[in-house]
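>>> Structure for this input, please:
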Amino acid sequence: MERILGRDFIRCHRSYLAGLKYIARMTKTEVVFEDGRAIPLARSAYHMANQAFIQYYKYM
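The predicted model follows:
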């Protein structure tokens, strides 16, 4: 599924993919979307997810 969705989505946990354009903020333990919903962020995925989030908004 990750390959189909492309670079605008990140794996933030074993069972979750998140669309970068819908993320409002990120903490060390969760991804919070614009509508207030949150999903878990795996410790092992934090660095990669945070870098992808920064890069996505850097070039927007």
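
>>> residue ranges of the strands in the chain, please?
Counting by DSSP state E, one finds strands in the chain at the ranges 9-13, 16-19, 23-26, 30-33, 38-40.

>>> Using a markdown table, lay out the ones you listed together with mean neighbour count.
For every residue, glycine as well, the C-beta is placed using N, CA and C. Output for those, formatted as a markdown table (neighbours: other C-beta atoms under 10 Å):
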| stretch | mean neighbour count |
| --- | --- |
| strand 9-13 | 19 |
| strand 16-19 | 15 |
| strand 23-26 | 16 |
| strand 30-33 | 17 |
| strand 38-40 | 14 |
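
>>> As CSV, those with mean pLDDT and distance to K58 would be great.
As requested, those are exported to CSV (pLDDT from 0 to 100; distance: least, C-beta to C-beta, whole Å):
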stretch, mean pLDDT, distance to K58
strand 9-13, 94, 15
strand 16-19, 96, 17
strand 23-26, 95, 14
strand 30-33, 97, 18
strand 38-40, 97, 23
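
>>> do you know which of these lies nearest M1?
strand 16-19 (6.6 Å; C-beta to C-beta).

>>> Describe which strands that closest one pairs with in its sheet and in which direction.
Here strand 16-19 has these sheet partners by DSSP bridges: strand 9-13 (antiparallel).

>>> how distant is the partner strand from the center of its chain?
5 Å (C-alpha atoms, centre = their mean, to the nearest Å).

>>> coming back round to it: the strands of the chain into TSV, with extra columns for distance to Y46?
Output for the strands of the chain, formatted as TSV (distance: least, C-beta to C-beta, whole Å):
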stretch	distance to Y46
strand 9-13	9
strand 16-19	13
strand 23-26	8
strand 30-33	10
strand 38-40	11
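
>>> Between these, which one is closest to A52.
For the strands of the chain, the distance to A52 is smallest for strand 9-13, at 4.9 Å, taking C-beta to C-beta.

>>> contact partners of the closest one?
When contacts are defined by C-beta atoms under 8 Å, 6 or more residues apart in numbering, strand 9-13 is touched by residues 2, 17-20, 31, 39-42, 45, 48-49, 52-53.

>>> for stretch 50-58, same thing?
Contact with stretch 50-58 is made by R7, D8, I10, L20, K21, I23, M26, as judged by C-beta under 8 Å, 6+ apart.
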